[in-house]
Every structure is written in C-alpha cells, then in structure tokens.
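S.K.: What would the 3D arrangement of this be:
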Amino acid sequence: MKADKLLKTWIEIHGPLRPEQRQSFLARAELNPLCELADAAVLYALSRSPKLAEVLRLARRDGWWFSGEACEQDNIEWCARCKPTGLPTTVYMTKGWSSAFHKSPDCRLLVGGQGLVTARGGDPAAVEPVHIQVALGSGRFPCQSCFV
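M.R.: The predicted structure follows:
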C-alpha cells in the first residue's frame, strides 16, 4: 500500500487531519515498513488503532494470516481458528445456556449467572478457557459487560 493511500484510508477511518498533521503523518518512520506489508493486514490494523506504531505492531503480528501463509498449529492457509480478531485469543465461557463469552472468569455477569444457577438449586457449569474462534464458532457473543 502506498503512503498516500495509507493516509487517505487513515482519514476515512479516524477523521480529518489539518495540513500540518498530514505532513507529520507522511514523515512518520512507521510509514515505510507499513507500505511493505500486506494491504489487508494494514487495513485491519488501521481499523483497530489510530496510532501508527500500534498499527505497525498489529500488521506485523497478523500479516502472516493476511498473506495466506499456513498457520503453525494446523498447517492451513487462512485458518479460521487462527484468524486475527480484535478480541483476546483466550476467552471464558461455560457449557451452560449462556450465549456469551467473557474476557475474564471474574466477570461480574458470569459470576452473577453462576450464582443464579446455584440459588435456584442447580450446579453451575464449569467456567472454561477457550480459543476465541471456538467461542465464535459455537455461536457465542461478547459479554455486554466485558466488551463495552
């Protein structure tokens, strides 16, 4: 991706820049390495952060997937389980009726739900750490308390 396209995309996502801010943006050291990475990785990273240093870090970390390289665990190109997301790699959920996954096993809604099950005389399902793609693949959604 060329620097001018990167600037235009940044503005579309994060908002307008004054002329002096545009010049500063185009002079940033992160710009050259970003221009050498896969466009999809850079676009994905731009959507997650306005800071070029963070965009570069994310694009470098996730670039392998967007370039179609096979993952280390399954040796599959564009492996769905390894697909980068804006969510943590490990999340927490139960095998109970809840449709949510959580950032932490200490989430107040998760703990409260476990308490409701106990108060109604049931045995709460164990809270288990799972890969984010497992949670998403099972139809779960981000908890409204954890992911606000």
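
S.K.: going forward, measure contacts and count neighbours with C-alpha atoms only.
M.R.: OK.

S.K.: Which segments of the protein make up each domain?
M.R.: 3-66, 90-142 (automatic domain parsing).

S.K.: would CSV of those domains with mean neighbour count be doable?
M.R.: Output for the domains of the chain, formatted as CSV (neighbours: other Cα atoms under 10 Å):
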stretch, mean neighbour count
domain 3-66, 16
domain 90-142, 16
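
S.K.: Compile the ones you listed into JSON lines and extend it with columns for distance to Glu77 and mean pLDDT.
M.R.: As requested, the domains of the chain are exported to JSON lines (distance: least, Cα to Cα, whole Å; pLDDT from 0 to 100):
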{"stretch": "domain 3-66", "distance to Glu77": "7", "mean pLDDT": "91"}
{"stretch": "domain 90-142", "distance to Glu77": "16", "mean pLDDT": "91"}
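
S.K.: Can you say which of those domains is nearest to Lys83?
M.R.: Nearest of the domains of the chain to Lys83, taken as Cα to Cα: domain 3-66 at 6.7 Å.

S.K.: hey, where'd the helices end up in the protein?
M.R.: For the chain, applying DSSP state H gives helices covering 3-14, 19-26, 31-36, 39-48, 52-66, 108-119, 132-137.

S.K.: Kindly calculate the angle that the second one makes with helix 3-14.
M.R.: Between helix 19-26 and helix 3-14, the angle comes out at 120 degrees (axes from the mean of the first three to the mean of the last three Cα atoms, to 10 degrees).
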